[in-house]
Every structure is written in C-alpha cells, then in structure tokens.
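Novice: Sharing a model that was predicted from the sequence below.
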Protein chains: 2
Amino acid sequence: MENDNSSAFSAFSAVQADKLYEQVYDYVQERIRRGEWRADEKLPSVRKLAAELQVHRLTVFKAYQLLKASQAVYVKDKSGYYVSPGSSLPAETRDDPIVLASVQGGSLSEIHQVQADYQYSKALLDPNLLPNHYFSEYVKKVFDLYPKVLGTYGSIQGDMELREALCGYLADQYHFHLSADELLITSGSQEAIDLLARVLVKPRDAVLMERPTYSPAIDVFRGRGANIVPIEISESGYRLDEVERLMQSYKPRLFYLNPTFHNPTGYTIPAEQRKRLVELAQQYQCLLIEDDPYRDIYFGKKPPLPLFAYDTEGWTIYIRSFSKYVAPGLSIAATACRPPVMKHILKARSLSNSGTPLLNQKIFLHYFFSQRMQQHLEKLRIALAIRRDIMEEELAAAGWEWSSPEGGFNLWVKLPETVSIDRLLVESVKQSITFVPGSICDPLKSFSSWIRLSYSYLNEQQSREGLKRFVGLCRMLERWE
Amino acid sequence: MENDNSSAFSAFSAVQADKLYEQVYDYVQERIRRGEWRADEKLPSVRKLAAELQVHRLTVFKAYQLLKASQAVYVKDKSGYYVSPGSSLPAETRDDPIVLASVQGGSLSEIHQVQADYQYSKALLDPNLLPNHYFSEYVKKVFDLYPKVLGTYGSIQGDMELREALCGYLADQYHFHLSADELLITSGSQEAIDLLARVLVKPRDAVLMERPTYSPAIDVFRGRGANIVPIEISESGYRLDEVERLMQSYKPRLFYLNPTFHNPTGYTIPAEQRKRLVELAQQYQCLLIEDDPYRDIYFGKKPPLPLFAYDTEGWTIYIRSFSKYVAPGLSIAATACRPPVMKHILKARSLSNSGTPLLNQKIFLHYFFSQRMQQHLEKLRIALAIRRDIMEEELAAAGWEWSSPEGGFNLWVKLPETVSIDRLLVESVKQSITFVPGSICDPLKSFSSWIRLSYSYLNEQQSREGLKRFVGLCRMLERWE
C-alpha cells in the first residue's frame, strides 16, 4: 500500500526517497512542534488522518506507533493518541501562524537599529576617516577599463582578476600558498560565515566558539541547529589543554575563532599557540574558521601570522573582511579554503545569490592595491589609536577594568558588579548613548558585568562628551542600587 | 543521571533544551546517515558509547531502543545493534569526509559554467544591449550627491530613498498599496527566494511549484527539505480545480509561481485566473510567492497586473528582479510583502549579510527612474522581439513544436521523441552550443523531449549561425537513432 501511486500523498514519494510512514511521522511531529496540535490534545483518529493524507490506515498506524515510541504522543486507554506535554515549542518562541522563522536572536542588530548621538555599539569605521573624495577617481578608472561592468553578472566565485591579485597579496604578506581557485569573494564576512555554516554544519554538530565571541556568528551556527561548545579566551590566549579536551570529548565539526584583535575583547592569540592549534585541528579533524577582519588595524607591532599560514593539511579556512576599513560601502571579503570545501561553498552560493557585484570588486581591486590606500591605512591606524587613548582616558576616571587593545575597534570593559547592565542600557539609550552588553557576545549569555564599547565610530570630541555622560550615568545608577 | 552536570556531554543540555537520550539518538542517526557507520556494521556497544559520550549507559540504551523502533538499527541476537540497510545516504550522494553540504543539485549552474560560442542556455541579457557608455554618468552623479557612499554600510532592508521611489513606481504602474517598510531590496531575486525559503519553509512542508519551473528555485526549496508538489502550467494557465485540490490535500505552505512570461515556457496566466488564485491562497492559507522578472519585456500588449495587486489580505509576496534587463552588474531586486513576513526576513537577512551595497542601490535609483532608461527599454523590447523572431525562423525549418512567447527571454521547445536530449547536450557542447534540458526545469525530472533556448544573449547573426548548426546536429542524431 505504501507504493500505491494513485494516492495523492504518495506523490511525495516520487520526489523524496523516504518511506511513507516516516513522512506521516514527520508531518505529525512538525505540527506538534509548531503548536498546531497542543499538549494533551487528541490527535486525529487513524482513519481520519489516513483519509486526509490519502494514505492507507496502516501507514498512519505505523507512524503513530513510532511517535509513541519516541514519546511525542501517548495513548489514553482506548480513546486514542494524545500529544505529550513538552513536545511543542514553548508559546513565546512560536511565531505568527503564517510564518515560521528558522532564525533566532538578532539582539545585536536590534541594538544597532537604535539611532543614537553617542554610538559606541557599532564596531564600524567613521565614514569621515575614509578618503571619500578620492573614491570617485577609482570608479572612473573602472568604467574606463571595463566599460561593460554594469552589464555583466559577477561570477559565483568572484572576479578572477581580483582573486589573483589577492592571492599575490596574501602570499607576500603572510606566506599563504594559494591559487585563485582557493579564494572566494563574498559580500562581507557575514556572508562567508553563513555559507560555511550551511555547508559544514548539520543539526546537533558541536561547534567550538570563543567565549565571548562575535555574536552574529553564534546566531548563524545556532540557526543551523549546532550545539555550541564554549572555550574561554583570555589575554594569554586559550588553555590549549582545554581546547584539546573539548575536541576530544565533543568531536566538534569546527572551531570558529577570531584570534587577532579579537572581537569583543581585543586579545591576540600568541604565535606559539597558533601552531599548536593547527596541529590539534588536524589531529581531531576539526576545521578552524579563522575570522580576521582587524589584522591591519594594529597600533603597535604587527600581529602574528594567521593560523592559515601554519596549516599544510587544509584544516583552516581563512575569512578576511576588508569591509571594516577599506570601504564599507563595497562590502568585500575574501575566504581562503582548500578545494574540497570550496566545491561545496560554490554550490551553496549559486543557490543563494549570483555573486558579489562585479562593479564593487573592480573598484575594490583598483583602490586596495593603490599607493593611496596604503598611505591612508597608516593614517587610519594613528587616528584609531588616538580614539582608543581618548576612550581609555575617560574611562580611567571611572575606575573600571579592561585590557588595553593593541588593535581593532573595541574595548571590553568590566563595570562594577553593583550596576545592572540591562538597566544601564535602557538609561543610556534615553540619553542617546549605545553600547553592547557582554551577554550578547556570550554563547552562555553570561558576562553580566561586561560591555563592549567601540571607539571607531565617533570623533574625538563626540567620544569624550558621550563617555563623560556615560560614566556619570553609571555612577548615578550605582548610587541608586 | 541525565542531569549529571559533571558529564561533558551534558554540557549540551545547558545550551539546548532536548533530552539527553534524544541527543544520543540524533548523534547516532546522523553518523549513520553520513555513512560513517555503514549498513550492517555493528554499532559501538552501549558501554563503549556511554564512555565515549560521558553519559550513563541507560541513556545510550534508551537511544538505541528508539533507533530500533524507528528501524534505523536492528538487533542481531545477543551480539548487538547493527545499522539497517537503507539508513545511510547512498554512497554517491555522500560527501568528502570533512564536508557535508546541505545543498543538492546545481545542474543548471553546471551547464552555465560551460564556455560556448553559441550560448542559448543562459537567460541573460547580451551586455551589448545596454547603454554602457551612459552608465558612468549616473555613477558620477551618485558620487556628487552622496560623497560618502563608499564609506557607508547599506541598511539591512535597503536604502530608504530607493524603497520610497519604488513604492511610488509600483503604485503608479500596478496599483500596489505599499509603504517603504513593506519593501526589501536584495542583491538579485535569487537572494530573495533563498531568504523566503529560510523563513517560511521547514523540512517536510509541502511547496507547490509549477511544472516546469525555474530550476534554482527547486533546488532552494529542496535544500530546505520541502516536499515539492507540482502543478502543470499550460498556455491557458493552470487548472484551477487542480490547484484547489492540491491546496486542500497537501496544505502547502506556499506556491512559488512565475505567472508572467513564465520561465521556461513563456506562458502568461490570464487575468481572470489571477484573481481566483489570490482567493484560493486566502482560503487555504497558502502564501503565493510571485516571481516577476520578465514583466517589462513584453513584445505585444502589456501583461495583466501582478497577483499582488489583487491581494488585500497579505497572502502574496512579490519578487521583482531588475537584474535581468536594467543592469545585471548592479544586481538589484525588490520584494514586496506585509509586515509579519518582513519582520522575519529582516532577521534572517541580518545573519546572512549586511545588505545590498549602497552604491549599487543609488546608481540603480538614478538610472532606473531616468528618461533614458525608459527610452532604452523601448529599444530593448524591439531588439529582443527580433531575436525571438530569428530563433523561430531558424527552428521552423526543423519542424519542432513551441508556443511563440509574447515576452521574456526563452523559447520552450519540444524536439522529436527519437532524439535523446542527454546525447544532444553532449554533442552540442562539443560544437560549442549550449541549451537547458527540460528535465532540469521539472521537479519530477521528466520533460525528456523538451529544451529551453534563450534568445537574449546572442546577437542576430551569431544566433542564426548557432541555430543552423544546432538543427543540423539534431537531424544527424535523429538519423543515427
């Protein structure tokens, strides 16, 4: 009967390979999960559901038996099958009836939607720090060189000319051995993380993440159903014995890490740990996703080489965003990985968009490799170091704790434990001040006394003003407690 | 024991709410599915797996019992648990050990990777049909008006100025009642389809699709685990009684349709059916995703209004790509939908990228609403109608069957049944000719005698040359059979 092709429901079978009773099983389970059928509600009778789905009654019976075995339903003597309590999602996580989002979280993006005069929540570059008046020259150049650039779709993997130039750059700067086929251009690093999660992570896979970490990455991996396994990051790096223990116990599919001017803490993993991390990745077959957007924003000496440079076996994937400081409006990032991973990324990407627009890639190419860009970068580092110093000066008055970052855009600050961060956020927003509460950056939603303050967005004067207010506000709240 | 917090595996519980034995169940099942444990292979003993996962033996036992109930494993008397045949993926669909792609298919993108002199497979506009020499003027204008455009991130939903302009345009042209909050700008329509699939489709949801249809959309919905329910499209539209029956029986979450100059057939759903489709959608609570990239490419009279114009209840989502004919290099598409759906799309998008680059949106805005664009569009329609005519002339000689399309880029052609399309494709590629086999456009992978030929890419002379060769090749194959 399960192969009865005259039944409408069995048309599913032509498309999907699963057995018919499994389809019915999933059908029922999904409706329970969504709360369409509630706890202790009676399921349709076998006869009724069989008629509805146009399958044989035995098929429904088998599905119900399976649901019973998995404790999703229970049987009340003679009267039928009932939904077990706890099988549906809690009411508050359920969505509008017509929409079922697979995505959770997004609290960071909520904070980012707040329009504030004193914006310390966005780790974005102040647009005034970019050589805006020169950009149009590069754009003109691009139209002269590629007159049909707006008529042409980009390729899925990215413009070959740009990929070749970047391969040369990565070899020169960090000794990467790469061919253009091993480089992907995406519209920002977020797209790369999202594609990697789609390709690499299945529900229940363990994913190792730093604690704290870049919060949208938590949301992306959670959205794929991953189990997040946290590893502490401190000023001296990770405890490598702990990394090994976690790799051994959880067999994580990947370790997402941001080892250089880490967001939010600003910490940098020392060179000697990098080499060992790559060895551990190889030993435990755990891919390393190295997110590296702040590398060029160093204030003292250059940071150690990327992990990717130490990897000869292909266990490291390197994501390098240039959006942060080259030209946010172009949204260009590059991902380096070996062919087995690349093949799958390209397949996934071909279904999600038609590639980063060619215009953006060509403008980036001509600007990034120009003399002017390199000169500008020097100035940018100085400007950002000054902004960091100003922030530290203002906060010193408050007596809070932090480690001074040697690069990047962020200060990770510990406030007195008597201050409620939630309350502080509410009061700050009233005064047009924003920051990121530490708990958002934590897979375990802890770090209740920590906050991230970005010094990249406001100019010196604004930043001082806002921080004076902010420190004052904090003190007032402390007194109230 | 399941709450034993000293066990490493139970740390999962802190993060995810599921019961421990269910986690073990999933853990085992996933490894079987991936083929890490093969058919008829013995599973680790209860004792061994319990030690490995650091859970109690009873937990593993319970998981194994559940696996037995779901027939994923079987018990061989006394000697233990074994993997049931058929529980793992077939070897050829399994991936390299380190990578597990969630994405299937991509055959269209494979064909598109073929470099050919006679390119009839890509439904892309010939870049020579665009006013390339004028584009740089608009770009200059954008830099004059928005000097910091490259320093600024786009917003997740899209540039407000562009959204407002498009709302006005859609109201004016098609009587849409829309606010800018109900419009999303994406980098092409593929991104919109992908976001909608993420937000709306859960595994096992029924998704109604035309047969044939736009093949990457099949791959996207399949990738989300949807069950595709096909509905035939013909020159006179759909059989509405059949649409109703399918909505009634399968309760599809959505119907993805391309009702105007349909890809690949070129058919247009008549106005009277459109109104009724919206009623059916409301009645059966089935969202309509109306993909409308070819609307402006009409050769005779203008097509009927979009379904969205008939919908007062919010069951239609309208995707309008402008990539196809305005400026492929900008990759701009707009999606109109009501707030409950939009809310979730924005959440999903914030995790997948930082929005369509602002530069691209501003250039599009100034070009699309210019006089020149509208004049150019007139010429474009004439040029494409001529290319269609030439294709029809050349094919007429062969005696094949098709309906002449009144708009769009494609001809849907039936070849003699004696010709093997697979063989024809192989031989064509050898002669530097490409086309799309009909089976790729079919959720049921049938349509074995049909092909899609796009007349949008090659100029008149090239097109004639290639088609003469193609018809000749076909005849030769016919004689061989």
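Specialist: Structure's in. What do you need? Here the structure is a predicted model, which means the values were calculated and not measured.

Novice: which one's the longest helix in chain A?
Specialist: In chain A, assigned by DSSP state H, the helix with the most residues is helix A:371-396.

Novice: quick check, distance from the very next helix or strand once past it to the centre of its chain.
Specialist: Toward the C-terminal end, the helix or strand that comes next after helix A:371-396 (DSSP states H and E) is strand A:410-414. Going by CA atoms, centre = their mean, to the nearest Å, the spacing between the C-alpha centre of strand A:410-414 and its chain's C-alpha centre is 20 Å.

Novice: by contact count, what packs against strand A:410-414?
Specialist: Contact here means 3 or more CB pairs under 8 Å, 6 or more residues apart in numbering or on different chains; DSSP states H and E; on that basis strand A:410-414 packs against helix A:371-396, strand A:450-454. Backbone N, C-alpha and C define where each C-beta goes, glycine included.

Novice: May I see the buried residues of stretch A:164-177?
Specialist: Using 16 or more other CB atoms under 10 Å in any protein chain shown as the test for burial, stretch A:164-177 gives A:A165, A:L166, A:C167, A:L170, A:Y174, A:F176.

Novice: ok so, going back, could you check the angle the longest helix of chain A makes with strand A:410-414?
Specialist: Compare the direction of helix A:371-396 with that of strand A:410-414 by axes from the mean of the first three to the mean of the last three CA atoms, to 10 degrees and you get 20 degrees.

Novice: Output the helices and strands packed on strand A:410-414 in a markdown table; the columns should cover distance to A:P293.
Specialist: Conversion of the helices and strands packed on strand A:410-414 to a markdown table gives the following (distance: least, CB to CB, whole Å):
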| stretch | distance to A:P293 |
| --- | --- |
| helix A:371-396 | 14 |
| strand A:450-454 | 13 |
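
Novice: of the buried residues of stretch A:164-177, closest to A:G300?
Specialist: Of all the buried residues of stretch A:164-177, the one with the least separation from A:G300 (CB to CB) is A:Y174, at 18.4 Å.

Novice: Surely that closest one and A:L307 touch.
Specialist: No: counting by CB atoms under 8 Å, A:L307 is not a contact partner of A:Y174; they are 10.3 Å apart.

Novice: about what we covered before: what about the longest helix of chain A and chain B, touching?
Specialist: No: using CB under 8 Å from any CB of the partner chain as the criterion, no contacts between helix A:371-396 and chain B are found, and the smallest distance is 11.8 Å.

Novice: Show the average pLDDT along that helix.
Specialist: Helix A:371-396 shows an average pLDDT of 95 in the prediction.

Novice: Same check on stretch A:235-243?
Specialist: Taken as a whole, stretch A:235-243 has an average pLDDT of 97.

Novice: Tell me the buried residues in it?
Specialist: Of all the residues in stretch A:235-243, those buried under the rule 16+ other CB under 10 Å are A:G237, A:Y238, A:V243.

Novice: Of the helices and strands packed on strand A:410-414, which is nearest A:S249?
Specialist: Put simply, out of the helices and strands packed on strand A:410-414 the one that sits nearest A:S249 is strand A:450-454, at 27.2 Å, with distance taken as CB to CB.

Novice: Next, the angle helix A:371-396 makes with that closest one.
Specialist: Inter-element angle recorded for strand A:450-454 and helix A:371-396: 140 degrees (by the same axes, to 10 degrees).

Novice: just checking, what packs against the helix or strand following strand A:450-454?
Specialist: Sequence-wise, the next helix or strand beyond strand A:450-454 is helix A:460-480, with elements assigned using DSSP H and E. Packed against helix A:460-480, as judged by 3+ CB pairs under 8 Å, 6+ apart, are the following elements: strand A:118-119, helix A:371-396, helix A:421-430, strand A:433-434.

Novice: Single out the most deeply packed of those.
Specialist: Stretch with highest mean neighbour count among the helices and strands packed on helix A:460-480: strand A:433-434 (a mean of 24; mean count of other CB atoms under 10 Å in any protein chain shown).

Novice: Starting from whichever helix or strand comes after that one, tell me which strands it pairs with and how they run.
Specialist: Under the assignment DSSP H and E, the closest C-terminal helix or strand after strand A:433-434 is strand A:436-437. Using DSSP bridges, strand A:436-437 pairs in its sheet with strand A:450-454 (antiparallel).

Novice: average model confidence for the strand it pairs with?
Specialist: The average pLDDT within strand A:450-454 is 97.

Novice: Under the pLDDT cut-off, which ranges of chain A? List them.
Specialist: In the prediction, chain A carries residues with pLDDT under 70 at positions A:1-19, A:34, A:54, A:77, A:86-107, A:481.

Novice: All the strands of it, in order from the start?
Specialist: Ranges of strands within chain A are A:73-76, A:80-83, A:118-119, A:183-186, A:206-211, A:227-232, A:254-257, A:287-291, A:316-321, A:333-336, A:410-414, A:433-434, A:436-437, A:450-454, based on DSSP state E.

Novice: Which elements pack onto the third one?
Specialist: Where contact means 3+ CB pairs under 8 Å, 6+ apart, strand A:118-119 is packed against strand A:433-434, helix A:460-480.

Novice: How about the first one?
Specialist: Packing partners of strand A:73-76 (3+ CB pairs under 8 Å, 6+ apart): helix A:57-69, strand A:80-83.

Novice: The last one near chain B at all?
Specialist: I take that to be strand A:80-83. No: in terms of CB under 8 Å from any CB, no part of strand A:80-83 sits within range of chain B; the closest distance is 15.5 Å.

Novice: Could you check that strand and say which residues are buried?
Specialist: A:Y81, A:Y82, A:V83.

Novice: okay, which residue is most central for chain A?
Specialist: Central residue of chain A (CA atoms, centre = their mean): A:A217, 2.0 Å from the mean position.

Novice: surely that one meets A:I193?
Specialist: Yes: counting by CB under 8 Å, A:A217 does reach A:I193; the two are 5.5 Å apart.

Novice: shared neighbours of those two, which are they?
Specialist: Common neighbours of A:A217 and A:I193 (criterion: CB atoms under 8 Å, 6 or more residues apart in numbering or on different chains): A:Y256, A:D291.

Novice: returning to that earlier point: the strands of chain A: which one's closest to B:E210?
Specialist: Checking the strands of chain A against B:E210 by CB to CB gives strand A:183-186 as the closest, at 31.3 Å.

Novice: so what strands line up beside that closest one?
Specialist: When pairs are called by DSSP bridges, strand A:183-186 turns out to pair with strand A:333-336 (antiparallel).

Novice: Now the residue of the stretch 151-300 of chain A found nearest chain B: closest residue in space, sequence neighbours ignored.
Specialist: When you check the stretch 151-300 of chain A against chain B by CB to the nearest CB, the closest residue turns out to be A:G151, at 3.3 Å. What sits nearest to A:G151 in space, not counting adjacent residues and going by CB to CB, 6 or more residues apart in numbering or on different chains, is B:P127, at 3.3 Å.

Novice: So the one you found versus A:F143, what's the distance?
Specialist: Using CB to CB, to the nearest Å, one obtains 14 Å as the distance from B:P127 to A:F143.

Novice: out of those two, which sits in the busier spot?
Specialist: Comparing B:P127 with A:F143 by other CB atoms under 10 Å in any protein chain shown, the one with more neighbours is A:F143, at 21 against 18.

Novice: Isn't the more buried one up against B:H133?
Specialist: No: counting by CB under 8 Å, A:F143 sits too far from B:H133 to count as a contact (9.2 Å).
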